[in-house]
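Asks: Give me a model of this one.
(2 chains, ligands or ions: 2)
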Amino acid sequence: MGKQTGIRAFLLHLHPKQVDERAIKFTRTFGLGGINALLFVILAVSGLLLRFAYIPSQVGAYDSILALQNNVSFGSLLRNLHHWSAMLMVVTAFLHLLRVFYSISIFQERRKNWFFGLGLMLLVLFSNFTGYLLPWDQLSYWAVTIMTNMLEYFPVIGQPLANLFRGGDSVNEQTLLNFFTLHTGLLPLLFVVFSILHIWQVRKAKGVTVSDKTARTMVPAYPNLVWKEIVLALLLIALLLVFSMFVDAPLQEKANPAISPNPSKAPWYFMGFQEMLMHIHPFFAVFVIPVIVVAFLCYVPYFKYQELNIGQWFHSAKGKKLTIVSILFSCVLTLLLILISDISAGFQTLSGKLPLIIITGLIPFFLYFTPMLAFLFLLKKQQEASRIELIIAFFTIITMSYLVMMFVGILLRGKNMELIFFQT
Amino acid sequence: MEDLKKIKLTRRQWLKALIISILSIELMYVFTSLSKNNLRRKQNKSMYNAGKLSSFQPGQVYPFGTQKLYLSRFEDGGLLAISTRCTHLGCMVQANDNGFVCPCHASSFNQYGEVLSSPAIRALDIFPVEVEKGMVMVDLSSPIKRKGFDKSQLHYES
Ligand code: HEM
Ligand code: FES
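Replies: Ligands and ions are numbered 1, 2, ... in the order given. You can find the predicted model right below:
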């Protein structure tokens, strides 16, 4: 290969000279990691431009967004592009996480990278959330109020932490400034650092996983991989631009701290939390369950496994079957519990006889985890599922439950957060 | 040779430990000074003058929107300054015939601010009330968390 210059040289530096033919098939990664990297670049550039128009103050913020949309040529387009790229990034980062998990690509030499990945997912959510407040309209003001109040339910450190973020006990101008600084300074910086570590780890593990490491057919990365990437990137940019031309980012009236809209909802990706909080005591919703889930996610690569088919989707054909069954099981269980809880008005009928934490905490907790553990036990006994297959099933059930709660919260709850079917 | 290796390793570990501890001390310092800042803000008592005591009729609730406050005067003359901040997730409650209701997720509270229906699990906060020279003064800087209502929370002026 001749001497490469400029952008091409840089692109080639990200890749090894030779790559496995199967590793660059679209269905191996769906290009999700690359999409996330591209989205970050789009966000950084559009965000930098937005900063020229944006005023981070209680009086100025909302009007500066209006001015941007109404008086600046392509101002709306710029804002829409930033907004929709940010929303898309939550989706693609999550899909990327699912991809590496289900293709058994987080073990052995990739353990460390699973952590960098979790860190990046956190950064995506946190960046998105801090950006959400910046337009300072009713939607963003009350969504952030609700989210920071959820944090307060975390025992001991919840309240001080929430006050630290907000710079006070309610969302105010200091909150706006804190979020602005995090959103346009600290978080993007951390993002760059984590991305570099993340990509470096992929190279260190000799590329993405393939199902059989011994049967390698190597091809040059240029043009085989690089061309695919360029086509995907151009497609994505074109799609985002067209979408941003036709669909405006939401903007409601200016924030009014004295009037809460009905219903008030958290940003859509946190709606699963809000939904959960309606059914189960905050001590469980904000502390016990998140701690269990995070501990599980961190520990997944460290369980002892008898066998692992690295790079094989769902580990095995059985694993795939069990995943599908788990999805169905989780949907049914979660929907059923939501319905029961809504009809019985949050298990409150029993109150007075037992402490609240038992009625609204322990009871729903066991109503969820007992059938789930029974189900896993059944998989183990009847289907002779191996440990990795059980871990996959557990992960699937939890993830699906969150998604179900999220969709119920977003789509099926109207005024007073009642289910729309029961609304009078 | 063996010894050298050992020294090298421990030195590196030592440096690492040093850097980590300096960083954590620094972080802790920033954290505590920031939270102290919060505290200082809290200690600045800001008494809000709600108006003449005689202008508050028994059996009425008076809203103070920007102060996020409802001032209730009960039939027996007792005063209660109730925070409008819903204890569920912080929306602003509105007064109705039975007490208060939250527009966000429909928690409702009685006239003393106690929970009638969830998702909220704690009674609405109250503020300390004093009467000075016939004026009702409310200390907005120190909201009081409480489980429920009891008589001692009412302020009487003879
Ligand atoms: C790391 C990924 C990023 C994410 C996920 C993200 C997300 C968001 C979101 C959700 C909004 C609210 C948009 C709206 O409602 O219109 C926003 C606004 C904003 N972002 Fe970002 N952003 C990112 C990176 C950046 C960067 C790197 C900058 C600047 C250096 C930036 C600057 C801004 C500014 C100034 C606003 C306010 C303008 C507006 O709301 O239209 N962002 N961001
Ligand atoms: S914030 Fe009042 S009910 Fe949720």
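
Asks: which residues in the stretch 151-300 of chain A form helices?
Replies: Counting by DSSP state H, counting those that start in this stretch, the stretch 151-300 of chain A has helices at residues A:158-166, A:173-181, A:187-204, A:221-246, A:271-279, A:282, A:289-299.

Asks: following the lowest-mean-pLDDT helix or strand in chain A, which helix or strand shows up next?
Replies: Among the secondary structure pieces of chain A, namely its helices and strands, helix A:6-14 has the lowest mean (mean pLDDT, DSSP states H and E), a mean of 69. Of the helices and strands lying after helix A:6-14 in sequence (DSSP states H and E), the nearest is strand A:18-20.

Asks: Contacts for that following strand next, please.
Replies: With Cβ atoms under 8 Å, 6 or more residues apart in numbering or on different chains as the test, strand A:18-20 has contacts from A:207, A:210, A:216, A:217, A:218, A:219, A:220, A:221, A:224, A:225. Just so you know, the C-beta spots here come from the backbone N, C-alpha and C atoms, and that holds for glycine as well.

Asks: can you check stretch A:375-385 too?
Replies: Identification of contacts with stretch A:375-385 by Cβ under 8 Å, 6+ apart yields A:318, A:322, A:325, A:326, A:329, A:389, A:390, A:393, A:394, A:397.

Asks: Among those residues, which one sits closest to chain B?
Replies: Of all these, chain B sits closest to residue A:397, with 24.8 Å by Cβ to the nearest Cβ.

Asks: Also near chain B: which of the contacts of stretch A:375-385, exactly?
Replies: Among those, no residue lies close to chain B (Cβ under 8 Å from any Cβ of the partner chain).

Asks: Mind giving me the ChimeraX select for those residues, buried ones only?
Replies: Here is the ChimeraX selection string for the buried members of the contacts of stretch A:375-385, based on 16 or more other Cβ atoms under 10 Å in any protein chain shown:
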select /A:322,325,326,329,389,390,393,394,397
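
Asks: what would the contacts of stretch A:375-385 look like in a markdown table with secondary structure, distance to residue A:278 and pLDDT?
Replies: Conversion of the contacts of stretch A:375-385 to a markdown table gives the following (DSSP: H, G, I helix; E, B strand; the rest coil; distance: Cβ to Cβ, whole Å; pLDDT from 0 to 100):
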| residue | secondary structure | distance to residue A:278 | pLDDT |
| --- | --- | --- | --- |
| A:318 | helix | 36 | 94 |
| A:322 | helix | 30 | 96 |
| A:325 | helix | 28 | 96 |
| A:326 | helix | 24 | 97 |
| A:329 | helix | 22 | 97 |
| A:389 | helix | 33 | 95 |
| A:390 | helix | 30 | 95 |
| A:393 | helix | 27 | 97 |
| A:394 | helix | 24 | 97 |
| A:397 | helix | 20 | 97 |
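
Asks: What about ligand 2: which of the contacts of stretch A:375-385 touch it?
Replies: Counting by Cβ under 6 Å from any ligand atom, nothing from the contacts of stretch A:375-385 sits close to ligand 2.

Asks: quick one: which of the contacts of stretch A:375-385 is nearest to ligand 1?
Replies: Relative to ligand 1, the closest of the contacts of stretch A:375-385 is residue A:397; by Cβ to the nearest ligand atom it sits at 28.2 Å.

Asks: Report the mean per-residue pLDDT for stretch A:191-200.
Replies: Average pLDDT, stretch A:191-200: 94.

Asks: sorry, that was for stretch B:25-33
Replies: Mean pLDDT, taken over the full extent of stretch B:25-33, equals 85.

Asks: same deal with stretch A:40-53?
Replies: Averaging pLDDT along stretch A:40-53 yields 96.

Asks: Next, the buried residues of it.
Replies: For stretch A:40-53, the buried set under the neighbour-count rule, 16+ other Cβ under 10 Å, comprises A:40, A:42, A:43, A:46, A:47, A:49, A:50, A:53.

Asks: Kindly identify which of these also come near ligand 2.
Replies: Within the set of the buried residues of stretch A:40-53, contact with ligand 2 (Cβ under 6 Å from any ligand atom) is found for no member.

Asks: In helices only, show me those.
Replies: Among the buried residues of stretch A:40-53, the members falling in helices are A:40, A:42, A:43, A:46, A:47, A:49, A:50, A:53 (criterion: DSSP state H).

Asks: what's the next secondary structure element after the helix or strand of chain B with the lowest mean pLDDT?
Replies: When the helices and strands of chain B are compared on mean pLDDT, DSSP H and E, helix B:2-43 comes out lowest with a mean of 76. Using DSSP H and E, the helix or strand that directly follows helix B:2-43 along the chain is strand B:47-52.

Asks: Look at residue B:59 and report its pLDDT.
Replies: At residue B:59, the predicted lDDT confidence score is 82.

Asks: Assign the nearest residue to it once chain neighbours are set aside to helix, strand or coil.
Replies: Counting by Cβ to Cβ, 6 or more residues apart in numbering or on different chains, the nearest residue to residue B:59 once its immediate chain neighbours are dropped is residue B:75, at 5.1 Å. When states are read from DSSP: H, G, I helix; E, B strand; the rest coil, the local structure at residue B:75 comes out as coil.

Asks: Alpha carbons only: can I get stretch A:361-373 in PDB?
Replies: Listed next in PDB are the C-alpha coordinates belonging to stretch A:361-373 (Å, rounded to 0.1, in the frame of the first residue of the first chain):
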ATOM      1  CA  GLY A 361     -41.800  -2.500  49.200                       C
ATOM      2  CA  LEU A 362     -41.200  -6.100  50.200                       C
ATOM      3  CA  ILE A 363     -44.500  -7.500  48.800                       C
ATOM      4  CA  PRO A 364     -44.100  -6.200  45.200                       C
ATOM      5  CA  PHE A 365     -40.400  -7.000  45.400                       C
ATOM      6  CA  PHE A 366     -41.200 -10.700  46.100                       C
ATOM      7  CA  LEU A 367     -44.100 -10.700  43.700                       C
ATOM      8  CA  TYR A 368     -41.600  -9.900  41.000                       C
ATOM      9  CA  PHE A 369     -38.500 -11.900  42.100                       C
ATOM     10  CA  THR A 370     -40.200 -15.100  43.200                       C
ATOM     11  CA  PRO A 371     -41.800 -16.000  39.900                       C
ATOM     12  CA  MET A 372     -38.600 -14.900  38.200                       C
ATOM     13  CA  LEU A 373     -36.400 -17.200  40.300                       C
END
